[in-house]
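[1] Just a sequence and a predicted model for now, questions to come.
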Amino acid sequence: MTTAIHLFDLVSRHNRWLSVRQSTIASNIANANTPGYKAVDVEPFEKVLETTSLSMQATQPGHIADPTGRTADVNVRDSEPWEVSHSGNSVSLEQELMNAGEVNRSYRLNTSVAKAFHRMLLASAKV
Amino acid sequence: MQDPLSSALRIGASGLEAQSKRMRVVTENLANAQSTGKTPGADPYTRKVVTFENELDEASGTSLVKVGSVERHSSPFRIEHNPSHPAADKDGNVKLPNVDIMTEVADMREANRSYEANLQAIKQARDMIAMTIDMLRSG
């Protein structure tokens, strides 16, 4: 039971990460002709998972906050561009569309897995 | 922070709008490729170019795109010798617009390609939303 719930948590976190990635891809594509625009990408999911697993809860006003300043947000970094055009723009449409395809596939996989486990849980509840 | 998928849709829409404005300017240039002045020595139509700007959306912290301004291109006009033309100067030369059809067609192609890429990004974001909703249907 606990593993199943952990799985749902993982699925929703990965999906949130994928949505953030999709929105960075969308802004890269929209700015594909903006001079001087630098393409961005999100941090790999493994890194996000590592840094967001533990966070300190402040239940009293006197409690100190997490001194390392870790947040649950996904950080954005510059991507490694395939090409930089003369105008200083580092967006490659092919690269972005490939990333978008990858995001879409992972998202589909996640939702399908979650669906299958959900069906399993429901099946056990029906008996 | 706002839902990233709906901000992806908004960013894509801003890209579509910017590219269609660019397309409009390209067709203006093409339509006016032969528009000369009326009075002797008058300047003809001047080629226009769009500039794109990156605009930070405060609500979601993402970067949208917008058309910054439509500028006039500063390349020299083409000169043609045609003394009977109403816009001919005293030497019989007529100034024709600085529009090069090939450049405009190439620009149109690029606008087309970028528009398509934006559409693709919107489609994928919509697919992802649809997949999330589909999870409800499994039960």
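    Cool, got the structure.
[2] Would you mind pulling up the elements that the helix or strand containing A:E96 packs against?
    Using DSSP states H and E, A:E96 maps to helix A:93-126. Counting contacts by 3 or more Cβ pairs under 8 Å, 6 or more residues apart in numbering or on different chains; DSSP states H and E, helix A:93-126 packs against helix A:2-30, helix B:101-137. In this view, the C-beta of every residue, glycine as well, is placed from N, C-alpha and C.
[3] May I see the ones you listed organised as CSV, with distance to A:G101 and mean neighbour count added?
    Putting those into CSV (distance: least, Cβ to Cβ, whole Å; neighbours: other Cβ atoms under 10 Å in any protein chain shown) gives the following:
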stretch, distance to A:G101, mean neighbour count
helix A:2-30, 10, 20
helix B:101-137, 8, 16
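[4] Select from those helices the stretch with the lowest mean pLDDT.
    Comparing mean pLDDT over those, the weakest stretch is helix A:2-30, at a mean of 86.
[5] Show me what secondary structure element comes after it.
    The helix or strand immediately downstream of helix A:2-30 is strand A:40-42, counting by DSSP H and E.
[6] What strands line up against that following strand, and which way round?
    Here strand A:40-42 has these sheet partners by DSSP bridges: strand A:76-78 (antiparallel).
[7] the strands in chain B, which residues?
    In chain B, the strands defined using DSSP state E lie at B:48-57, B:62-72, B:78-81, B:93-96.
[8] Could you look over those strands and pick the most buried one?
    strand B:93-96 (a mean of 20; mean count of other Cβ atoms under 10 Å in any protein chain shown).
[9] which helices and strands does that one pack with?
    Looks like strand B:93-96 contacts strand B:78-81 (3+ Cβ pairs under 8 Å, 6+ apart).
[10] Provide the strand pairings for the strand it packs on, with the direction of each partner.
    Checking strand B:78-81 against DSSP bridges gives partners strand B:93-96 (antiparallel).
[11] Residue of chain A nearest chain B, please.
    A:A30 (3.2 Å; Cβ to the nearest Cβ).
[12] Distance check, that residue against A:L121.
    40 Å (Cβ to Cβ, to the nearest Å).
[13] what's the closest of the helices and strands packed on helix A:93-126 to A:V103?
    helix A:2-30 (5.1 Å; Cβ to Cβ).
[14] what angle do that closest one and helix A:93-126 make?
    Counting by axes from the mean of the first three to the mean of the last three Cα atoms, to 10 degrees, helix A:2-30 lies at 160 degrees to helix A:93-126.
[15] Could you point out which of the helices and strands packed on helix A:93-126 sits nearest B:L64?
    Each of the helices and strands packed on helix A:93-126 has some distance to B:L64 by Cβ to Cβ; the shortest is helix A:2-30, at 6.6 Å.
[16] just checking, what packs against the closest one?
    strand A:40-42, helix A:45-52, helix A:93-126, helix B:4-31, strand B:62-72, helix B:101-137.
[17] Can you give me every residue that contacts the nearest residue to B:F52 once chain neighbours are set aside?
    The spatially closest residue to B:F52, leaving aside those adjacent along the chain, is A:T34, at 4.3 Å (Cβ to Cβ, 6 or more residues apart in numbering or on different chains). A:T34 makes contact with A:89, B:52-54, B:65 under the criterion Cβ atoms under 8 Å, 6 or more residues apart in numbering or on different chains.
[18] Tell me, how many residues neighbour the closest residue to A:S90 other than its chain neighbours?
    Using Cβ to Cβ, 6+ apart and skipping residues adjacent in sequence, the residue nearest A:S90 is A:P81, 3.7 Å away. Close neighbours of A:P81, defined as other Cβ atoms under 10 Å in any protein chain shown, add up to 16.
[19] got a list of contacts for stretch B:102-110?
    Under the criterion Cβ under 8 Å, 6+ apart, residues A:33, B:22-23, B:26-27, B:29-30, B:33 lie in contact with stretch B:102-110.
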